[in-house]
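S.K.: Sequence below, structure please.
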Amino acid sequence: MVQATPFLLVLFLALGAHGLSAEKCSLTGHWVNDLGSNMTIGTVNENGDFRGIFRTFLNITSNEIKGSPLVGSQHLPVQLKTQPTFGFTVHWTTADSIIVFTGQCFVDDFGKEYLKTMWLLRSHVESIRNDWKATR
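M.R.: Take a look at the predicted model:
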């Protein structure tokens, strides 16, 4: 069994406020993390589902950094739950891997929105014997 150390990915809203009250957090918009990767999330529908594009700043090849599709879902804010939990999957277009994120949307005391997430990356391996090195 491989021990994994959780990696905290802090994403912050790169655009201005959505005009929402300070206590409600919205996933819709353009987000940038502390490493320069970014994503754009479209409208969250009435079921809490959303789609978007993720562009990683980290690139191990000389290829152009292209956007990869993401699809996710959030708990809809109900009553006092205005800082929703969510999850989404990114299907990398530049690598044979899938990454899943889970987290919560927060609003700080100054009205700034943040996404606090953790991720799990699964890469393709050729055999079950190499399964141990496929997940980070």
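
S.K.: Going by residue numbers, what spans are helices in the chain?
M.R.: Assigned by DSSP state H, the chain shows no helices.

S.K.: Just the pLDDT at the nearest residue to Leu27 once chain neighbours are set aside, thanks.
M.R.: Nearest residue to Leu27 in three dimensions, chain neighbours excluded: Ile41, at 5.0 Å (Cβ to Cβ, 6 or more residues apart in numbering). Just so you know, the C-beta spots here come from the backbone N, C-alpha and C atoms, and that holds for glycine as well. Looking at Ile41, its pLDDT reads 96.

S.K.: gap between His75 and Ile98?
M.R.: Between His75 and Ile98 the computed distance is 22 Å (Cβ to Cβ, to the nearest Å).

S.K.: What of Met118?
M.R.: Note on Met118: its distance to Ile98, by Cβ to Cβ, is 15 Å.

S.K.: More neighbours: which of these two?
M.R.: Ile98 (15 against 12; other Cβ atoms under 10 Å).

S.K.: these two touch, right, that one and Val71?
M.R.: No: contact criterion Cβ atoms under 8 Å: Ile98 and Val71 do not qualify, at 11.1 Å.
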